[in-house]
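**Student:** Quick check, what structure comes out for this input:
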Amino acid sequence: EELLDDLGEQIPAWRVSAQDELIGRGAKHRLDLIKALDSGKLSEGQETWAAWTLGRMAGWPSDTEYSFGKWSDPSSNASLNLRVQSVRIWGESGEIEAFKYVAARLDDKEPRVRFAAALALRNLKELEPGAEKPLLDALAAETDRVTFYAQWHTLRAMLKAEERRKHLADKRGGARLGAL
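**Tutor:** Residues are numbered from 1 along each chain as shown. Reported below is the predicted structural model:
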């Protein structure tokens, strides 16, 4: 409880120390963090730090994977901040399952979640062939300029120029523009 309070402190060193202490204590506090995040009673700062603390804990068991997947979903009761942080954490996780959660958020209603998904997708390593398809679909339908720009740069990072040229024949204007 005291460590959760420290995650919301104004002094950055306290937040870092609280996070390091929770990570050091390991899995026995994982469920406490999940319950605190599920409660919806944390401030935005506490929520952000608690989510990243959970994301940094060694070995992602199924409860953590389930939680970030659940919180990133548009139908969840999670705050917008927790949804965005969950997508960002997936992008940094290195987990095999991350792609399906991140790619699914590329068509979210909320532009901030789509933006986080574009950046998270760029951070994922070892994507399978065809991983650009959800991104091209998102580019074709994107209405937010900043999010489109992030998606465009992600596509540029994912595909070489020769591979992007193949998509210049796409019937969707946004996908063609993204392939430039």
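**Student:** What about residue 130? Give its phi and psi, please.
**Tutor:** phi 90, psi 0 (degrees, to the nearest 10).
**Student:** residues in contact with it?
**Tutor:** Residues counted as contacts of residue 130 (Cβ atoms under 8 Å, 6 or more residues apart in numbering): none. C-betas here are computed from N, CA, C, even on glycine.
**Student:** Now do the lowest-mean-pLDDT helix or strand in the chain: which elements does it pack against?
**Tutor:** Taking mean pLDDT, DSSP states H and E as the measure, the helices and strands of the chain show their lowest mean at helix 2-6, namely a mean of 75. Secondary-structure packing of helix 2-6 (3 or more Cβ pairs under 8 Å, 6 or more residues apart in numbering; DSSP states H and E): helix 12-25, helix 30-39, helix 44-56.
**Student:** tilt between the last one and helix 12-25?
**Tutor:** Same thing as helix 44-56. Angle, helix 44-56 to helix 12-25, by axes from the mean of the first three to the mean of the last three Cα atoms, to 10 degrees: 30 degrees.
**Student:** just checking, next helix/strand downstream of helix 44-56?
**Tutor:** Following helix 44-56 in sequence order, the next helix or strand is helix 62-72 (DSSP states H and E).
**Student:** now the very next helix or strand once past that following helix: how far from the chain's centre is it?
**Tutor:** Counting by DSSP H and E, the next helix or strand C-terminal to helix 62-72 is helix 80-93. Taking Cα atoms, centre = their mean, to the nearest Å, one finds helix 80-93 lying 3 Å from the centre of the chain it belongs to.
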